[in-house]
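*Asks:* okay, structure incoming, though there's no sequence with it:
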């Protein structure tokens, strides 16, 4: 009888631990989504000549690929105002 109680306790403990880990992992995914960078973050990271604007040569990734759509005054630089008014990329399908 003592062995059965011990086995039951171990199984209940294992299942409790298993389900609590699943629940924690799911909450981490919702909270851990990466937010798009702000203009100030991009300036700190990419503004090589520290002029407060971003040129196409300083950029990488989707912002560089869509430079002409964001640079609305076509002066060769992206300012904070242009960045704030820029079209946002469409989100892909949800990952499960």
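*Replies:* Ah, there it is. This is a predicted model, so every value here is computed, not measured.

*Asks:* from here on, contacts and neighbour counts on C-alpha atoms
*Replies:* Fine.

*Asks:* residue contacts, residue 75?
*Replies:* With contact set as C-alpha atoms under 8 Å, 6 or more residues apart in numbering, residue 75 has no partners.

*Asks:* show me which positions of stretch 39-47 end up buried.
*Replies:* Applying a neighbour-count criterion of 16 or more other C-alpha atoms under 10 Å, one finds 39, 43, 46-47 buried in stretch 39-47.

*Asks:* possible to save those residues as JSON lines with distance to residue 79, secondary structure and pLDDT?
*Replies:* Formatted as JSON lines, those follow (distance: C-alpha to C-alpha, whole Å; DSSP: H, G, I helix; E, B strand; the rest coil; pLDDT from 0 to 100):
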{"residue": "39", "distance to residue 79": "9", "secondary structure": "helix", "pLDDT": "91"}
{"residue": "43", "distance to residue 79": "10", "secondary structure": "helix", "pLDDT": "92"}
{"residue": "46", "distance to residue 79": "13", "secondary structure": "helix", "pLDDT": "91"}
{"residue": "47", "distance to residue 79": "11", "secondary structure": "coil", "pLDDT": "92"}
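
*Asks:* in CSV, list those residues along with distance to residue 56.
*Replies:* As requested, those are exported to CSV (distance: C-alpha to C-alpha, whole Å):
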residue, distance to residue 56
39, 15
43, 13
46, 10
47, 10
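
*Asks:* for residue 85, state which of the residues you listed is nearest.
*Replies:* Proximity of the buried residues of stretch 39-47 to residue 85 (C-alpha to C-alpha) peaks at residue 39, which lies at 11.4 Å.

*Asks:* which non-adjacent residue is nearest the closest one?
*Replies:* In space, and not counting its chain neighbours, residue 39 is closest to residue 80: 6.2 Å by C-alpha to C-alpha, 6 or more residues apart in numbering.

*Asks:* residues near the one you found, how many?
*Replies:* Other residues near residue 80 come to 16 when the count uses other C-alpha atoms under 10 Å.
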